[in-house]
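In: Mind looking at a prediction? Sequence and model below.
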Amino acid sequence: MRHTYSVTGMTCEGCVASVTEKLSQVEGVRHVEVDLKKGEAEISMNGHVPIQKLKKALPDTYSIEEKGHHAMEMAVPKETSKLNQLRPLFLIFGYLFAAAFFLNYKDWDMGEAMLDFMGLFYIVFSFFKFLDLKGFPDSFRMYDPLAKALPAYGWVYPFLELALGLMFLMRFQIQTALIATVVILGITTFGVTKTLLDKKSIRCACLGTALNLPMTEATFIENTIMLVMAVTMLVQYF
């Protein structure tokens, strides 16, 4: 017995692997084939498996419906422009730049403003990762070399961002925090570049799994801004 279902919420091959694994563990399921582009899952069963049982097996990030079901048709995501996809990222950066400016506008100091921006950046971005601490490592390791080689790094990364953010805001061990920023984001940028050259379809995990951001622009925008600031500040220190 073979049935085709529509699956929404998948954005990368990591999602495909996760959906395949979860559905394959359902009692009565023999084989699962998931197609990312079509947003479909073909499931071979020993007997009829209720749709509710399949839904229960998947994390809240994904939803599964019978092919042709009205709810599924309404859930099919429409293609949006890259500008619309990046809108949340631009809004966040706008708020961060504004916050850094207003914190320092009375006695303006570019260096202090940059430190505040970097601290707020890490705090905000770690917050989004904490929203789905279980799902973030799977997306992150799809392009970060260190997270791929050392899975535990993906779990630690949000806490590392939080710590760096506090270090910048509290002006604690600034040089150490700057060096760590260059190293950490340098590794991620290397992985992103390789992923893009391989033309893989990967979701950016910079804001965790809460938002669906395209890998190309989102990751390079955030990494470039932070790396430029970190290098500029290090040059001033040394």
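Out: Received it, and whenever you're ready, just let me know what you need. Residues are numbered from 1 along each chain as shown.

In: tally of neighbours for residue 19?
Out: Neighbour count for residue 19, taken as other CB atoms under 10 Å: 23. The way it works is simple: take the backbone N, C-alpha and C, and place the C-beta from them, glycine included.

In: any idea how far residue 6 is from residue 66?
Out: Per CB to CB, to the nearest Å, residue 6 is found 8 Å from residue 66.

In: correction: residue 34
Out: 16 Å.

In: try residue 171
Out: 57 Å.

In: same deal with residue 230?
Out: For residue 230, the distance to residue 66 - CB to CB - is 50 Å.

In: neighbour-wise, which of those two wins?
Out: Shown here are residue 230 and residue 66; by other CB under 10 Å, residue 230 has more neighbours (22 against 13).

In: which ones are touching the more buried one?
Out: 118, 178, 181, 182, 185 (CB atoms under 8 Å, 6 or more residues apart in numbering).

In: Any buried residues in stretch 169-188, and which?
Out: 169, 174, 177, 178, 180, 181, 184, 185, 188 (16 or more other CB atoms under 10 Å).

In: For that stretch, which outside residues touch it?
Out: 115-116, 118-120, 123, 143-146, 160, 164, 166-168, 219, 223, 226-227, 230-231, 233-234, 237.

In: Just the buried ones among these, please.
Out: 115-116, 118-120, 123, 143-146, 164, 167-168, 219, 223, 226-227, 230, 233.

In: Quickly find the element holding residue 90.
Out: helix 82-104 (DSSP states H and E).

In: Could you measure from residue 162 over to residue 169?
Out: 11 Å.

In: Quick check: neighbours shared by those two?
Out: Joint contacts of residue 162 and residue 169 (CB under 8 Å, 6+ apart) are residue 123.

In: Mind splitting the protein into its structural domains?
Out: Structural domains assigned to the chain are 2-75, 82-237, following automatic domain parsing.

In: for these, which one ends up most surrounded?
Out: Among these, domain 82-237 has the highest mean neighbour count (mean count of other CB atoms under 10 Å), at a mean of 17.

In: all helices of the chain, in order?
Out: 13-24, 51-57, 70-75, 82-104, 110-130, 136-140, 145-149, 151-169, 174-197, 215-237 (DSSP state H).

In: I'd like to know which of those lies nearest to residue 44.
Out: Ranking these by proximity to residue 44 (CB to CB) places helix 13-24 first, at 10.3 Å.

In: In contact with the residue located most distally from the centre of the chain, which residues?
Out: In the chain, counting by CA atoms, centre = their mean, residue 47 sits farthest out from the average C-alpha position, at 37.0 Å. By CB under 8 Å, 6+ apart, the residues touching residue 47 are 1, 28.

In: Just the pLDDT for it.
Out: pLDDT, residue 47: 81.

In: Need phi/psi at it.
Out: phi -160, psi -180 (degrees, to the nearest 10).

In: Quick check: it vs residue 130, distance?
Out: 41 Å.

In: Please apply the same query to residue 107.
Out: 33 Å.

In: do residue 170 as well
Out: With CB to CB as the criterion, residue 170 and residue 130 are 20 Å apart.

In: Cool, thanks, signing off.
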